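A.B. asks: Sequence and computational prediction follow.
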Amino acid sequence: MRRFLRQLDTGTMSHRTKQIVTALGVGGGVARGVVFAAAGIFILVAAVRFDPDEAKGVDATLRSFTQTPVGPWLLVGVAIGLVLFGVFSFASARWRRL
């Protein structure tokens, strides 16, 4: 939805810079969403089963990705996405509207 662009001063960016910042924001946001959604699913499963030991944080969620058939590739994808989000955070700090 690219709502994050409303908080940025896109008028001072070149067209290419705006495209890059948008791609960084979308890619990074998707990666964060995947990690948080997976952690949320673990919390919901723990609540439904009344077993608090099944609730996992972000680190345990990432470790559980390794148990899937595409585990290493999934971790690489999430890592790249989180790096994109980090770079987007720097861009957001640079062009944030106050």
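C.D. replies: Perfect, thanks for sending it.
A.B. asks: so what's Gly81 closest to, chain neighbours aside?
C.D. replies: Excluding its sequence neighbours, the residue lying closest to Gly81 (Cβ to Cβ, 6 or more residues apart in numbering) is Ala31, at 2.2 Å. Bear in mind the C-beta positions are built from the backbone N, C-alpha and C, glycine included.
A.B. asks: next one: Ala55
C.D. replies: Ala46 (3.9 Å).
A.B. asks: you'd agree the one you found is in a helix?
C.D. replies: Yes - assessed with DSSP: H, G, I helix; E, B strand; the rest coil, Ala46 lies in a helix.
A.B. asks: give me every residue that touches it.
C.D. replies: 52-55 (Cβ atoms under 8 Å, 6 or more residues apart in numbering).
A.B. asks: Now neighbour count and distance to Ile41 too, for these, in a markdown table please.
C.D. replies: Shown next, in a markdown table, are the contacts of Ala46 (neighbours: other Cβ atoms under 10 Å; distance: Cβ to Cβ, whole Å):
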| residue | neighbour count | distance to Ile41 |
| --- | --- | --- |
| Pro52 | 9 | 15 |
| Asp53 | 7 | 16 |
| Glu54 | 15 | 10 |
| Ala55 | 14 | 10 |
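A.B. asks: for the residues you listed, which one is nearest Leu8?
C.D. replies: Distances from Leu8 to the contacts of Ala46, taken as Cβ to Cβ, are shortest for Ala55 (35.3 Å).
A.B. asks: Give me the contact list for stretch 12-27.
C.D. replies: Stretch 12-27 is contacted from outside by 2, 4-5, 8, 10, 80-81, 84-85, 87-88, 91-92, 95, using Cβ under 8 Å, 6+ apart.
A.B. asks: Sort out for me which of these are in helices.
C.D. replies: Among the contacts of stretch 12-27, the members found in helices (DSSP state H) are 80-81, 84-85, 87-88, 91-92, 95.
A.B. asks: Good, wrapping up.
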